[in-house]
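Undergrad: Build me a model from this:
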Amino acid sequence: MTEGRRRAGFLLIKCPDCSSEQIAFERASTTVTCRICGSTLATPTGGRAKFRAQVLRSVEDATVS
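TA: Okay, here's the model as predicted:
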């Protein structure tokens, strides 16, 4: 892997309208809407999605032992 590049992952985001939290793919290829109020949280750009929602943190893959 090239230095400085990382694998795309999932993000925990917070709706600016109703404050609900949900997980979204950071390179979403479709519009992401809030499950609660229906407002647009992210729009696709061909690369990393443009987020209108507040990005709280990255969500790492959980491994089961």
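Undergrad: out of everything not next to it in sequence, what's closest to Glu60?
TA: Gly9 (7.5 Å; Cβ to Cβ, 6 or more residues apart in numbering). No exception for glycine: its C-beta is placed from N, CA and C like everyone else's.
Undergrad: Now do the one you found against Ile23, distance only.
TA: Distance, Gly9 to Ile23, by Cβ to Cβ, to the nearest Å: 10 Å.
Undergrad: so what sits against both of the two?
TA: Residues touching both Gly9 and Ile23 by Cβ atoms under 8 Å, 6 or more residues apart in numbering: Val59.
Undergrad: Quick one: residues contacting the residue nearest to Glu60.
TA: Taking Cβ under 8 Å, 6+ apart, one finds 25-26, 58-61 in contact with Gly9.
Undergrad: what about this structure, any weak spots by pLDDT?
TA: Segments of the chain classed as low confidence (criterion: pLDDT under 70) are 1-6, 61-65.
Undergrad: at 80 what do you get?
TA: Low-confidence segments of the chain (pLDDT under 80): 1-8, 60-65.
Undergrad: Please, where are all the strands along it?
TA: Per DSSP state E, the chain carries strands over the ranges 10-14, 21-25, 32-33, 40-43, 50-51, 54-59.
Undergrad: okay, those strands in JSON lines with mean neighbour count next?
TA: Listed next are the strands of the chain as JSON lines, based on neighbours: other Cβ atoms under 10 Å:
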{"stretch": "strand 10-14", "mean neighbour count": "18"}
{"stretch": "strand 21-25", "mean neighbour count": "15"}
{"stretch": "strand 32-33", "mean neighbour count": "18"}
{"stretch": "strand 40-43", "mean neighbour count": "18"}
{"stretch": "strand 50-51", "mean neighbour count": "13"}
{"stretch": "strand 54-59", "mean neighbour count": "12"}
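Undergrad: so what's Lys50 up against?
TA: Contact partners of Lys50, counting by Cβ under 8 Å, 6+ apart, are 42-44.
Undergrad: Distance across stretch 33-49, terminal residue to terminal residue?
TA: End-to-end distance of stretch 33-49: 13 Å, with Cα to Cα, to the nearest Å as the criterion.
Undergrad: Done for today, thanks.
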